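Enquirer: Task: produce atomic coordinates for the following.
(chains A and B)
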2 protein chains.
Amino acid sequence: MAATLVSSNKIFGGFQKVFKHASSTLGSEAKFAIFLPKCDGKVPLIYWLSGLTCTEQNFITKSGAQAHAQKYGVAIVCPDTSPRNCNVPGEDDSYDLGTGAGFYVDATQEPWAKNYKMYSYVTKELPQVIEANFSEVVDTSRCSIMGHSMGGHGALICSLKNPGKYRAVSAFAPLCNPTECGWGQKAFTAYLGADRKAWSEYDATDLAKTYAGPPISALIDVGLNDEFLNDLLPDNLHRVTNDKVKVNLRKHEGYDHSYYFIATFIEEHIRMHSEALK
Amino acid sequence: MAATLVSSNKIFGGFQKVFKHASSTLGSEAKFAIFLPKCDGKVPLIYWLSGLTCTEQNFITKSGAQAHAQKYGVAIVCPDTSPRNCNVPGEDDSYDLGTGAGFYVDATQEPWAKNYKMYSYVTKELPQVIEANFSEVVDTSRCSIMGHSMGGHGALICSLKNPGKYRAVSAFAPLCNPTECGWGQKAFTAYLGADRKAWSEYDATDLAKTYAGPPISALIDVGLNDEFLNDLLPDNLHRVTNDKVKVNLRKHEGYDHSYYFIATFIEEHIRMHSEALK
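Expert: Numbering: from 1, shown residues only, chains lettered A, B, ... in the order given. The predicted structure is shown next:
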């Protein structure tokens, strides 16, 4: 569970750090970023899951989140988006499968099954690594989750599959119904096989229909100028809203899929999470 | 003077745009970024000059400046850091000379003299391009200048060489005395030749000694954990402070040379500029 410091930069009084560790779940070295605000006492934790092609770097360099994480007194952990350098055949052949495209599932199909276990990594191993290395400054019992695009999908399914584990969930431009869009169908076929029943276990819209845990209220922001809007299908998820799963879907005129959109609304997400984490 | 739109992204209600145009000064295509806040009426303009290896992209993706430019109602223009693809022999051989390293001088030596005219580009051609394309929304008569590292040097010399042109000047980790540091000596030798008298025309510390225009007050932030602190020589500039040139030099414990440092203090710079631009 040891993690090795890769970089550390002071920002807004706190520190943006990057660590690497040997991940037993992924069978590879894994990097993650953690922002630690300057605070007295332990702070709660938000997990951020990034989108296709991203690493642990995108959010920490482009979102401007640290100003708000410092203001509201929360740590933010950003894992990578897939295992890397596993020598899986085809892992580097396309941007939307393999490296940079773990889709936050546990693959069951060859050649992916050995390494592509991002769901277990994010929900089990990474929290243990954080607990083992940061328990003096982070209260890991208080956590929440958010993400962007493929990572927005990841945040929604992690929350829906683990009732009570995450105190808040939100997403920017998430893939809300991946079994019904091209990206999800390609990745789920490769990682989970042809049987669509297995896909439903990782589809937020399907999971929301049968969710039976404590009530969840998900904040979802999408831009109406998002070039991938037709793949996100936020209305499909919104339509299954029920007593257990509320979806606060906000559609923003003129915004696109980029980090410029994320930067604009990230403070509202962090404030919402910090209130749930108090 | 026509400029062609390369990209446009909505952020914080305004738009972050990138344009390209044929630069007669540089003899090449040149890109620049411009943030246009959502405002009634014309807004003043801050020029941002970036450091070594940067393009027009670094500041707009990493600084978080747009939130503050929107709040204070200012446009921000970011030129590239050099001409590009000019087929100058050696232009891509090192990170600190040629491409990405224009040093905001007008080169007089071969093979650079034809294209490497970033001083004239920033102070003359670019303002004309902005006026020609954005005069309906930007009041180009009210402008100021700031920058980082090599671009901090650029901001300081542009201000000192053009009394009254820029209503405010500030810099993050600027090369304050480039004739006395390795980067500056290498670049000035190549661009300006062996005669150090020519170098003084582009050295903020030398220029400050003889500056005779309206009083200038320069805000300069440096991080005490800056890995290049020995090359920046801010004390050399601070030491020549006089009635005409005041230097508000702030040294920040723990901060380094990165955009994490810039992001932390950029709001204070933009606020200072916006007050001078009112």
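
Enquirer: Is it correct that residue A:229 is in contact with residue A:251?
Expert: No. Using CB atoms under 8 Å as the test, residue A:229 is too far from residue A:251 to be in contact (9.3 Å). All C-beta atoms are positioned from the backbone trio N, CA, C, and that covers glycine.

Enquirer: Find residues that contact each of those two.
Expert: A:222, A:223 (CB atoms under 8 Å, 6 or more residues apart in numbering or on different chains).

Enquirer: For whichever strand or helix holds residue A:130, buried residues please.
Expert: Secondary structure assignment for residue A:130, by DSSP states H and E: helix A:126-134. Within helix A:126-134, the residues scored as buried using 16 or more other CB atoms under 10 Å in any protein chain shown are A:126, A:127, A:129, A:130, A:133, A:134.

Enquirer: need the contact list for the last one.
Expert: In other words, residue A:134. Neighbours of residue A:134 in contact, by CB under 8 Å, 6+ apart: A:34, A:36, A:75, A:140.

Enquirer: And the third one, what's its pLDDT?
Expert: Predicted confidence (pLDDT) at residue A:75: the value is 98.

Enquirer: For chain B, see how far away the residue located most distally from the centre of chain A is.
Expert: In chain A, residue A:40 marks the outermost C-alpha relative to the chain mean, sitting 27.2 Å out by CA atoms, centre = their mean. The gap separating residue A:40 from chain B is 18 Å, by CB to the nearest CB, to the nearest Å.

Enquirer: which residues in chain A form strands?
Expert: Here chain A has its strands, by DSSP state E, at A:4-11, A:14-23, A:28-36, A:43-49, A:75-79, A:138-148, A:169-172, A:216-223, A:245-252.

Enquirer: tell me what the first one is packed against?
Expert: Strand A:4-11 sits against strand A:14-23, helix B:259-277, with contacts defined as 3 or more CB pairs under 8 Å, 6 or more residues apart in numbering or on different chains; DSSP states H and E.

Enquirer: which residues touch that strand?
Expert: With CB under 8 Å, 6+ apart as the criterion, strand A:4-11 contacts A:15-21, A:31, A:35, A:66, B:223, B:225, B:254-256, B:258, B:260-261, B:263-264.

Enquirer: list the buried ones in it?
Expert: Within strand A:4-11, the residues that qualify as buried are A:7, A:9, A:10, A:11, counting by 16+ other CB under 10 Å.

Enquirer: Also the longest one?
Expert: Applying a neighbour-count criterion of 16+ other CB under 10 Å, one finds A:138, A:139, A:140, A:142, A:143, A:144, A:145, A:146, A:147, A:148 buried in strand A:138-148.

Enquirer: Other residues contacting it?
Expert: Strand A:138-148 has contacts (CB under 8 Å, 6+ apart) with A:36, A:42-51, A:59, A:75, A:127, A:130-131, A:134, A:152-155, A:158-159, A:165-174, A:262, A:269, A:273, A:276-277.

Enquirer: What pairs with it, parallel or antiparallel?
Expert: Each strand that pairs with strand A:138-148, with its direction, by DSSP bridges: strand A:43-49 (parallel), strand A:169-172 (parallel).

Enquirer: Show me how far the last one is from its chain's centre.
Expert: Which is strand A:169-172. 9 Å (CA atoms, centre = their mean, to the nearest Å).

Enquirer: same question, the longest one
Expert: Taking CA atoms, centre = their mean, the mean C-alpha location of strand A:43-49 is offset from the chain mean by 10 Å.

Enquirer: Convert that strand to PDB, retaining C-alpha atoms only.
Expert: This file holds the C-alpha atoms of strand A:43-49, laid out as PDB (Å, rounded to 0.1, in the frame of the first residue of the first chain):
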ATOM      1  CA  VAL A  43     -10.700  16.900   5.700                       C
ATOM      2  CA  PRO A  44     -13.200  14.800   3.700                       C
ATOM      3  CA  LEU A  45     -12.500  13.500   0.300                       C
ATOM      4  CA  ILE A  46     -13.900  13.900  -3.200                       C
ATOM      5  CA  TYR A  47     -13.000  11.400  -5.900                       C
ATOM      6  CA  TRP A  48     -12.800  12.800  -9.400                       C
ATOM      7  CA  LEU A  49     -12.900  10.400 -12.300                       C
END
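
Enquirer: Next, the angle from that strand to strand A:14-23.
Expert: Interaxial angle, strand A:43-49 versus strand A:14-23 (axes from the mean of the first three to the mean of the last three CA atoms, to 10 degrees): 60 degrees.

Enquirer: hmm, back to that, residue B:55: which of the buried residues of helix A:126-134 is nearest?
Expert: Taking CB to CB as the measure, residue A:126 is the one of the buried residues of helix A:126-134 closest to residue B:55, at 33.9 Å.

Enquirer: any idea how far the closest one lies from chain B?
Expert: 23 Å.

Enquirer: quick one, which of the helices and strands packed on strand A:4-11 is packed in tightest?
Expert: Greatest average neighbour count among the helices and strands packed on strand A:4-11 goes to helix B:259-277 (a mean of 21), per mean count of other CB atoms under 10 Å in any protein chain shown.

Enquirer: Could you report the pLDDT at the closest residue to residue A:1 other than its chain neighbours?
Expert: Leaving aside its chain neighbours, residue A:1 sits nearest to residue A:132 (3.8 Å; criterion: CB to CB, 6 or more residues apart in numbering or on different chains). Per-residue confidence (pLDDT) for residue A:132: 97.

Enquirer: ok, now which ones touch residue A:132?
Expert: Contacts for residue A:132 (CB under 8 Å, 6+ apart) come out as A:1, A:2, A:3.

Enquirer: mind listing what's buried in stretch A:158-172?
Expert: Quick answer for stretch A:158-172 (16+ other CB under 10 Å): A:158, A:159, A:160, A:161, A:166, A:167, A:168, A:169, A:170, A:171, A:172.

Enquirer: Would you tell me which residues of chain A are close to chain B?
Expert: Residues of chain A lying close to chain B by CB under 8 Å from any CB of the partner chain are A:9-13, A:16, A:61-62, A:64, A:66-67, A:223, A:225, A:254-256, A:258-261, A:263-264.

Enquirer: residue ranges for the helices of the stretch 51-200 of chain A, please.
Expert: A:57-62, A:65-72, A:118-120, A:126-134, A:150-161, A:182-192, A:196-200 (DSSP state H, counting those that start in this stretch).

Enquirer: Turn those helices into TSV, including distance to residue A:106.
Expert: Below are these laid out as TSV (distance: least, CB to CB, whole Å):
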stretch	distance to residue A:106
helix A:57-62	23
helix A:65-72	28
helix A:118-120	5
helix A:126-134	14
helix A:150-161	11
helix A:182-192	8
helix A:196-200	10
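
Enquirer: which one of those helices is the most hemmed in?
Expert: Ranked by mean neighbour count under mean count of other CB under 10 Å, the helices of the stretch 51-200 of chain A are led by helix A:150-161, which reaches a mean of 28.
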